[in-house]
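Q: Give me a 3D structure for the following:
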Amino acid sequence: MVALAGRALTGGEDWAKPLARALGVHHPDGPRDTIDPRSVSRWRTGAMEVLPWAAEALPLILREHAARLDEEIARLEERADEMSEAATEIERELDELQEPPEPPGPRR
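A: Residues are numbered from 1 along each chain as shown. Reported below is the predicted structural model:
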């Protein structure tokens, strides 16, 4: 469970310290910057059981992380839309520059 949460949080295998920082916010004695990463490493290897408060915090941490990712996705999609609109406008302007001028009409 700890390894799955750690990999989901970081996307890789070097997750003990980031998970320790994320757990610090949920510490039962009050928020802190981090918990001891060695505890997370011991949980990872099975040398020590995951503390109940940490086990309860893992789903919360993952939900918070998912919410941040959703916000980032929305921001990136909005930026992509803006860039597409800008590219379309640039293409329109280039097309206008490349159109041959209309021949002069008959003189009166």
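
Q: State the helix or strand in which the residue sitting nearest the centre point of the chain lies.
A: Residue closest to the average C-alpha location in the chain (Cα atoms, centre = their mean): L69, at 3.7 Å. Mapping L69 onto the secondary structure by DSSP states H and E places it in helix 52-98.

Q: Please name every helix or strand in contact with that helix.
A: With contacts taken as 3 or more Cβ pairs under 8 Å, 6 or more residues apart in numbering; DSSP states H and E, helix 52-98 sits against helix 2-10, helix 16-24. In this view, the C-beta of every residue, glycine as well, is placed from N, C-alpha and C.

Q: quick one: that helix to helix 2-10, angle?
A: When axes from the mean of the first three to the mean of the last three Cα atoms, to 10 degrees is applied, the directions of helix 52-98 and helix 2-10 differ by 30 degrees.

Q: how many degrees apart are helix 52-98 and helix 16-24 in direction?
A: For helix 52-98 against helix 16-24, the angle between stretch directions is 110 degrees (the same axes, to 10 degrees).

Q: Residue numbering should commence at 485 henceforth.
A: Got it, the first residue is 485 from now on, which makes the last one we talked about helix 536-582.

Q: what about helix 536-582, average pLDDT?
A: When the per-residue pLDDT values of helix 536-582 are averaged, the result is 94.

Q: contact partners of stretch 496-507?
A: Stretch 496-507 has contacts (Cβ atoms under 8 Å, 6 or more residues apart in numbering) with 486-487, 489-491, 493-494, 517-521, 523-525, 528, 538, 541, 545, 549.

Q: Just the buried ones from these?
A: Neighbour counting with 16 or more other Cβ atoms under 10 Å marks 486, 489-490, 493-494, 518-519, 523-525, 528, 538, 541, 545, 549 as buried within the contacts of stretch 496-507.

Q: Look up how far D565 lies from R559.
A: Plainly put, R559 is 11 Å away from D565 if you go by Cβ to Cβ, to the nearest Å.
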